[in-house]
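Colleague: need the 3D shape of this:
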Amino acid sequence: MAAAVDADGPARTSGRAVLAWGLWDWGSAAFNAVVTTFVFTVYLTSESFGASGTVEAQLGWALAGAGLLIALLAPVTGQRSDTSGRRKLWLAVNTYIVVAMTAAMVFVAPDPAYLWLGLLLVAAGNIFFEFAGVNYNAMLSQVSTPRSIGRVSGFGWGMGYVGGIVLLLIVYFGFIQGLFGVPDEDGWPVRLAMVVSAVWFGLFALPVLLTVPEYRGAGARRERIGFFASYARLGRDIARLWRESRHTVWFLLASAVFRDGLAGVFTFGGVLAASVFGFSAGEVIIFAIAANVVAGVSTIAVGALDDKLGAKPVIVAALIGLVVSGLLVFFLHDGGQIVFWTAGLALCLFVGPAQSASRTFLARIIPAGREGEVFGLYATTGRAVSFLAPTMFALFVALSGEAYYGILGIVLVLLAGLLLLLPVRATPQKIAD
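Modeller: Numbering: from 1, shown residues only. I've put the predicted structure just below:
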């Protein structure tokens, strides 16, 4: 395993380190694409587990509960992994808990009695996946330079989408179409696909753990304190940023809101395709493959544009595109599958660039020497509001009794994030030591 280095970032970008870092994103498609978006949550909200409208709302509430737990626990996880100098250790621990949760989904049989087991595994998996993401995103500064951070960030997101394409093809042809000879009964094609997904994530998470050095930058030299004292430190850090770099704080708030909306697009996309637009399990996966192609290509392409034009124009354009596309899906839902194919793919065109550019926008306004602290707050604020999109989705579905109304809840979260972002300046902020 690579030794630790006493630096906040490399002097130059190493292709080997970037590839190893990006492979974690490639592997994470097993949870993002297969579990939470296009396969397991679609299976869990099918009629085998309960009435349409009811199970979707229960999924929304389960994910909202997970978001609240993340908000309570995540604010200090990144900070503590930095100060302990064990960022990779906690990336590994949280990643392999997600792997175990994914593998355990094989026990969720198609029966209402197993609904709560499925919801528990999805919710718990989301919690630990977000904790892993805190450490993974923080490692961006360890594998990129200021000149390459847009391309590296875009490469990581793009790898996630491409990995999703490959794994979804395996799931579709191997399990849904029966190439592997799995009997099409008792949900076994989906249940065994979860085992394969767990192995996939576990294997592709290894390169970053073996290649990228452990973090030993300025954050690791801060005084180590107790768990509850970490919250007091967090409060002081936020107060200091508010006094000395207010636009950084506004961006942290705005990005937290719209990033949760972006997560909601993929979390509930497959559910809506099946429950509102009548997609079969196989059709959902075909759509997922097309969606990942669109998102992957746009994200990698816009990464280079981000380095040339800056991140804010990319984010604003992407969020406007997402709001318009989401409203089209809602108002034209009676048009059937052609509406979801067109407007849904348009949503995917904008999601990746907004996600990637959000990381690089922050990188360009972080004061020198404060990268670890501010990226930790970036992760913190994002996790602290991760209940918004699931709550709005579940609330709109519950109030209307129609699953397609959940789209409006997600659109409102995206619009709120856009409005919060508009006044933020994209200029570097100077902060006194």
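Colleague: which helix or strand contains the residue most central in space within the chain?
Modeller: Most central in the chain under CA atoms, centre = their mean is A263, positioned 5.6 Å from the mean C-alpha point. Taking DSSP states H and E as the definition, one finds A263 inside helix 246-275.
Colleague: nearest spatial neighbour of the residue nearest to the centre of the chain, skipping sequence neighbours?
Modeller: The spatial neighbour of A263 that comes closest, neighbours along the chain excluded (CB to CB, 6 or more residues apart in numbering), is A389 at 6.1 Å. For the C-beta atoms, the positions are set from N, CA and C on the backbone; glycine is no exception.
Colleague: what helix or strand does that neighbour sit in?
Modeller: Assigned by DSSP H and E, A389 belongs to helix 388-400.
Colleague: from the chain's centroid, how far away is that helix?
Modeller: Here helix 388-400 shows a centroid-to-chain-centroid distance of 19 Å under the convention CA atoms, centre = their mean, to the nearest Å.
Colleague: now for it, which elements pack on it?
Modeller: Applying 3 or more CB pairs under 8 Å, 6 or more residues apart in numbering; DSSP states H and E, one finds that helix 388-400 makes contact with helix 54-73, helix 246-275, helix 406-421.
Colleague: who's in contact with stretch 330-339?
Modeller: Contact partners of stretch 330-339, identified using CB atoms under 8 Å, 6 or more residues apart in numbering, comprise 276-279, 283, 328-329, 343, 404-405, 407-408, 411.
Colleague: equivalent analysis for stretch 185-202, please.
Modeller: The list of residues contacting stretch 185-202 from outside it, by CB under 8 Å, 6+ apart, reads 27-31, 34-35, 39-40, 43, 48, 95-96, 98-100, 102-103, 105-110, 167, 170-171, 174-176, 178, 180, 182, 281.
Colleague: one more time with 6 Å
Modeller: Identification of contacts with stretch 185-202 by CB atoms under 6 Å, 6 or more residues apart in numbering yields 27, 30, 34, 43, 99, 102-103, 105-106, 109-110, 167, 171, 175-176, 182.
Colleague: can you tell me which one of those residues sits lowest on pLDDT?
Modeller: Sorting the contacts of stretch 185-202 by pLDDT puts I176 at the bottom of the list (83).
Colleague: touching, that residue and V284? I think so.
Modeller: No. Here I176 does not reach V284: they are 9.4 Å apart, not a contact under CB atoms under 6 Å.
Colleague: the two: which is more packed in?
Modeller: Neighbours were tallied for I176 and for V284 using other CB atoms under 10 Å; the higher tally belongs to V284 (25 against 22).
Colleague: contacts only, for the more buried one.
Modeller: With contacts taken as CB under 6 Å, 6+ apart, V284 has the following neighbours: F38, V42, G270, A273, A274.
Colleague: by neighbour count, which of the residues you listed wins?
Modeller: Counting neighbours by other CB under 10 Å, F38 leads the contacts of V284 with 31 neighbours.
Colleague: nearest to V212, of the contacts of stretch 185-202?
Modeller: Closest to V212 out of the contacts of stretch 185-202 is G27 (14.5 Å), distances taken as CB to CB.
Colleague: nearest residue to that closest one other than its sequence neighbours?
Modeller: Nearest residue to G27, sequence neighbours excluded (CB to CB, 6+ apart): F204, at 2.8 Å.
Colleague: neighbours around R236, how many?
Modeller: R236 is surrounded by 10 other residues when neighbours are defined as other CB under 10 Å.
Colleague: what's the answer for the one 3 residues further on, then?
Modeller: Per other CB under 10 Å, the neighbour tally for A239 reads 11.
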